[in-house]
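> have a look; sequence and predicted model below, questions after that.
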Amino acid sequence: MEFNAPAGKNLFDTAKVVGKATPRIDGPLKTTGTAPYAYERHDVVAGQAYGWIVGSAIAKGRITSMDVEDARNAPGVIAVIAAPETKPVGTSQYNHAPLFGGNEIAHYHQAIACVVAETFEQACAAAHLIRTRYQRSDGDYDLAKAKPDAPLADGDKAPHTQGDFDAAYKAAPVTIDATYHTPDESHAMMEPHATIASWEGEKLTVWTSNQMIQWGKEALGKILGIDPENIRLDSPYIGGGFGGKLFIRADAVLAALASKAARRPVKIALQRPLMFNNTTHRPATIQRIRLGARSDGTITAIAHENWSGNITGTDGENGTAQTPKLYSGDNRMTANYIATLHLPEGNAMRAPGEAAGHLALEVAMDELADALKMCPVELRLRNDPAAQVPGNPKKRFSERNLARCLREGAERFGWSKRKGEPGQVSEGRWLIGMGVAAGYRGAPIRKSAARVRLEQDGMLVVETDMTDIGTGSYTIIAQTAAETMGMPLEKVRVELGDSRFPVSSGSGGQWGAASATAGVYAACVNLRRAVGEKLGFDGDSATFADGNVRAGDRNFALRDAGMLSADGKMTYGDFQKEYDLGTYAGHFCEVAVDRYTGESHIRRLLSVCDAGRILNPLSARSQVIGAMVMSAGAALMEELTVDARFGYFVNHDLAQYEVPVHADIPHQDVVFLDTLDPVMSPIKAKGVGELGICGPGAAVANAIYNATGVRVREYPITLDKYLDRLPQVA
Amino acid sequence: MRAFTYERAGDPAGAAKAVAATKGAKFIAGGTNLLDLMKLEIEAPTHLVDVQDLGLDKIEDTDEGGLRIGTLVSNTTLSAHPRVRQDYAVLTRAIQAGASGQLRNKATTGGNLLQRTRCPYFYDPNMPCNKRRPGSGCAAINGASRQLGVIGTSDKCIATYPGDMAVAMRLLDAVVETVKPGGDTRAIRIADFHRLWGDTPHIETVLEPGEMITAVTLPRPLGGKHVYHKVRDRRSYAFALVSVAAVIQPDGTGRVAFGGMAPRPWRVEAADALLPRGAKAVIERAFADARPTPDNAFKIPLAERTLAGVIAEARS
């Protein structure tokens, strides 16, 4: 089914199941610990041996010798795979850093060996007997040092410009020129990368934890040099990904290699200390923003330059991503530069680009409002563009309600109580402030397929290789199928994450919810037609409700159709290219800063979101809540600390890489505007999983400024960066 | 983790003897620190002597009006004990500022005193660390040292003692009771218990090989206002950047000890005497010999501001 024109009125506009708050159908499995995650799938194949990965002790250089004899002779050891004895595996289009093999070391904790043993303890103990010698070489690990020579990214020959930024900026009566730093960040999800691999002749099965089944299948074929059609990936439950599991990593590669060597199924989970340097991370950025405005707040000049680094000098963290979309302004410039750094691989992490970009742009807007002595909500409303995308006038917004988000948020949050002058409100030892930020995140949509099947027992089974990374995919897919087939939710069973199922959009870039449900809808439409064909009516015009079908004056029970199956796929026509598909939010924060110690405590966070039809307000809310937490973490504490002498991230465990705890954010609220985007899909829904990480951190930063009058432009905003600027205490 | 042997000891002196008898043997109680370190092979004991059956889990009044805390009393139990809450509230507050509920349920009094540093280089076996591998050097001194020590450190090591409980115990002048492998017992003032690093940062306490902590005693209560303010980067489950334990009397005199600053809970009695003159005077005296790194120099003004807040709170 091709979606080639904006949707008209359809069955989702009178939905009974879609759009209703529905507890996750996988919830009981998760809360009782009975959802089997990759490493726990003891029953899928017999004779699983245990693998343990050894990571490189240096960041850059080569292995000069590796002695694995003691490990090979250790109790219980079945096989030892050593990088120097292994031809380097291939790279796919998705990985920048080498995954395994050969003597070259490209980054710290790169996998250099894998020990397979009868027990986990034996594998681990033997791995520590491997003795490796290295020759270190110098590398570049410092973004600030590499910045002056960093070339433009994406093959750009020049910055993107519109009008005459320099002249307009020079002429503007009020200007801001500020530079912001965001650190490297880690996905730090609860479930580590983990895989069980098993070969049967040429056929390889990997039970793994991966967000993108089809990408994974293709990539693993390329990496191992085998036909992807001989690979089956299965990943029904995923304990968090945040982009860290978009790709094939060392666990899957080494489980496959080790299983071949051991002639047995092998299971491997990356040890927690390897998670931070062996896998991928969000690269640090340096962002310079210049804004020029008339004294009434109208922005006339806007420039956003971004620098980040990556191991191959490509594909860094582009903080300018939202800047062409958010605010009007006739004279514009954006530029994205990327340096080559020899740190571990930078790659997608939740809202890549925008998450870091908002931490700069939305603080710059606050600084401009301050310079203008203007309310920062007012400033944003003043520069809310009309239908056309300011940085790309060929496109128009499909549906944009940012102004409503900001107005409704201000109303609900009690924004009118905020004092414009900073440092004016205190309660005892606490300095109190409020901050606001806007949020924009693209709403990409991708083709997606599914199979739906009516079973003998009256159940409807949905099969698609879509993944549920803790987001609620199972539930919204069941809701979509139940709605379209006119069946109760409990009569729908959803099977996900298996590469034997039709290829879906997968989970990433907040495209999963809108895309996968549209694919399931397409399959259900085909099933309705098949039911009609079998029973002698037109499936498209019949009404499916309550397990029955009404076609003209005839009535059927859906069960009368017997066992039937239909595949379907939703694809998208070119008409969407005229539009910018996006999601919007207004984020509000209240903080209290201890006037003595500088400890900053978030008191309240509110996000008002505009993301089309909300398929399941309960799981969507959870998505936004989680993203807000991550954004608050980015503002206040998350940072991979680079040791530029050794070239690695020092704080590589969950004790040292701090993410927020419950106590850090005592009160959070999410409001969804009741909007529809007919350009997206027949369901008129958009994703929300990444919208919530675009902006809240800036609202936190702005609230700290409002509380204290101190502006910190280097994230995370830890107290050591501003203690000396707080008022004196006795 | 390396393979090790295991036994459960039946009596304190027997436990001490068992550890002394086997090279590389260690005591294990709650295991909340040791097991983590064993997984990373930072600790690789050959033999573990489990002391959980020794019955040293009582809290009793002493004849002097103080409290005797068995070494196996869990952090949770100790912090909730009515007399601790009433007479030694700074200890309850310090314990509850540490770790998480689950860890406090397992962590023991004696084990907590022996908690090892959280220096990130200590935790990475690929990095030089004089504490983990004597003579290999210290990666922290010119490295990421924001969390690390500002005083009592050495050219060999700038790690801190990371805990909270011991800071309150230092403030209260607790005494650590031990038994040696031969059955002799001794009482060690907590001020003398943790060593400064000097040239041997791998030797962290004055305990002799096989010597086992049996109890910690607290002297008679001090009265006054008890405050524990722990400053950290998140509000739970994080180690202190700086912590301040204080008992302040109505006349403004009192005592103060600091966590997160040094190889041991940091208290300078001569600085206590300056409390009536305010935070600046106390800090100038207590940290006169500080040698911070550029990364952690903020800890000294932070300690001063935190103490100022504590004094203000005590007076309010």
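Thanks, I have the structure now.
> shaky segments in chain A?
Scanning chain A for pLDDT under 70 picks out A:730.
> find the closest residue to chain B in it.
Here chain A gets closest to chain B at one residue, residue A:596, 3.3 Å apart by Cβ to the nearest Cβ. Every residue, glycine included, has its C-beta placed from N, CA and C.
> thinking that residue is in contact with residue B:305, fair?
Yes: if you go by Cβ atoms under 8 Å, residue A:596 and residue B:305 touch, sitting 4.8 Å apart.
> name the residues contacting each of these two.
residue A:729 (Cβ atoms under 8 Å, 6 or more residues apart in numbering or on different chains).
> re earlier: quick one: residues contacting the residue of chain A closest to chain B.
A:429, A:729, B:305-306, B:308-309, B:312.
> spatially nearest residue to it (excluding sequence neighbours)?
Spatially, and ignoring its direct neighbours in sequence, residue A:596 is nearest to residue B:309 (3.3 Å; Cβ to Cβ, 6 or more residues apart in numbering or on different chains).
> the one you found - that's part of a helix, no?
Yes: counting by DSSP: H, G, I helix; E, B strand; the rest coil, residue B:309 falls inside a helix.
> mind listing what it touches?
Neighbouring residues of residue B:309 by Cβ under 8 Å, 6+ apart: A:429, A:594, A:596-597, A:729, B:229.
> now the residues you listed as CSV including distance to residue A:617?
As requested, those are exported to CSV (distance: Cβ to Cβ, whole Å):
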residue, distance to residue A:617
A:429, 39
A:594, 36
A:596, 42
A:597, 39
A:729, 46
B:229, 41
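> tell me how chain A divides into domains.
A:2-35+A:445-577, A:43-138+A:190-278, A:394-441+A:581-725 (automatic domain parsing).
> now these as JSON lines including distance to residue B:126?
As requested, those are arranged in JSON lines below (distance: least, Cβ to Cβ, whole Å):
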{"stretch": "domain A:2-35+A:445-577", "distance to residue B:126": "31"}
{"stretch": "domain A:43-138+A:190-278", "distance to residue B:126": "4"}
{"stretch": "domain A:394-441+A:581-725", "distance to residue B:126": "8"}
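> ranking those by burial, who's on top?
Among the domains of chain A, domain A:394-441+A:581-725 has the highest mean neighbour count (mean count of other Cβ atoms under 10 Å in any protein chain shown), at a mean of 23.
> how long is that one end to end?
Separation of the first and last residues of domain A:394-441+A:581-725 by Cα to Cα, to the nearest Å is 46 Å.
> from the chain's centroid, how far away is it?
Centroid separation for domain A:394-441+A:581-725 versus its chain: 16 Å, with Cα atoms, centre = their mean, to the nearest Å.
> among the contacts of residue B:309, which two are most distant?
The largest separation in these, counting by Cβ to Cβ, is between A:729 and B:229 at 13.2 Å.
> for the residue of chain A most remote from its centre, give me phi and psi.
Going by Cα atoms, centre = their mean, the residue of chain A most distant from its centre is residue A:553, 49.0 Å out. Torsion angles at residue A:553 (phi, psi; degrees, to the nearest 10) stand at phi -100, psi 10.
> what about it, distance to residue A:547?
According to Cβ to Cβ, to the nearest Å, residue A:553 and residue A:547 sit 19 Å apart.
> give me the neighbour count for residue B:108.
27 (other Cβ atoms under 10 Å in any protein chain shown).
> quick one: it and residue B:29 touch, right?
Yes: if you go by Cβ under 8 Å, residue B:108 and residue B:29 touch, sitting 4.3 Å apart.
> just say helix, strand or coil for residue A:410.
Three-state assignment for residue A:410 (three-state DSSP): helix.
> so which strand or helix has the nearest residue to residue A:523 once chain neighbours are set aside?
Closest residue to residue A:523 apart from its sequence neighbours, by Cβ to Cβ, 6+ apart: residue A:568 at 3.2 Å. Using DSSP states H and E, residue A:568 sits in strand A:564-572.
> the helix or strand that that strand is followed by packs against which elements?
Where DSSP H and E defines the elements, the next helix or strand beyond strand A:564-572 is strand A:579-580. Applying 3 or more Cβ pairs under 8 Å, 6 or more residues apart in numbering or on different chains; DSSP states H and E, one finds that strand A:579-580 contacts strand A:392-397.
> what distance separates the strand it packs on from the centre of its chain?
25 Å.
> for it, which strands pair with it and how are they oriented?
strand A:388-389 (antiparallel), strand A:579-580 (parallel) (DSSP bridges).
> which other residues reach the first one?
Residues from elsewhere that reach strand A:388-389 (Cβ under 8 Å, 6+ apart): A:324-325, A:395-397, A:580.
> residues contacting the closest residue to residue A:661 other than its chain neighbours?
Leaving aside its sequence neighbours, residue A:661 sits nearest to residue B:236 (Cβ to Cβ, 6+ apart; 4.6 Å). Residues near residue B:236 by Cβ under 8 Å, 6+ apart: A:661-664, B:100.
> check contacts around residue 187.
Defaulting to chain A. Neighbour list for residue A:187: A:240-244, A:279-282, A:349-350 [criterion: Cβ under 8 Å, 6+ apart].
> correction: the question concerned chain B.
Counting by Cβ under 8 Å, 6+ apart, residue B:187 makes contact with B:175-178, B:217.
> can you redo the residues you listed as JSON lines with pLDDT and neighbour count?
Listed next are those as JSON lines, based on pLDDT from 0 to 100; neighbours: other Cβ atoms under 10 Å in any protein chain shown:
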{"residue": "B:175", "pLDDT": "98", "neighbour count": "21"}
{"residue": "B:176", "pLDDT": "98", "neighbour count": "26"}
{"residue": "B:177", "pLDDT": "98", "neighbour count": "21"}
{"residue": "B:178", "pLDDT": "98", "neighbour count": "22"}
{"residue": "B:217", "pLDDT": "98", "neighbour count": "20"}
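> quick one: which two of those are the most distant?
By the measure Cβ to Cβ, the contacts of residue B:187 have their two most distant members at B:178 and B:217, which lie 11.8 Å apart.
> can you pull the phi/psi pair for the residue in the stretch 1-150 of chain B that chain A sits nearest to?
Distances between the stretch 1-150 of chain B and chain A by Cβ to the nearest Cβ are smallest at residue B:126, namely 3.7 Å. Here is the backbone geometry of residue B:126 (degrees, to the nearest 10): phi -80, psi -10.
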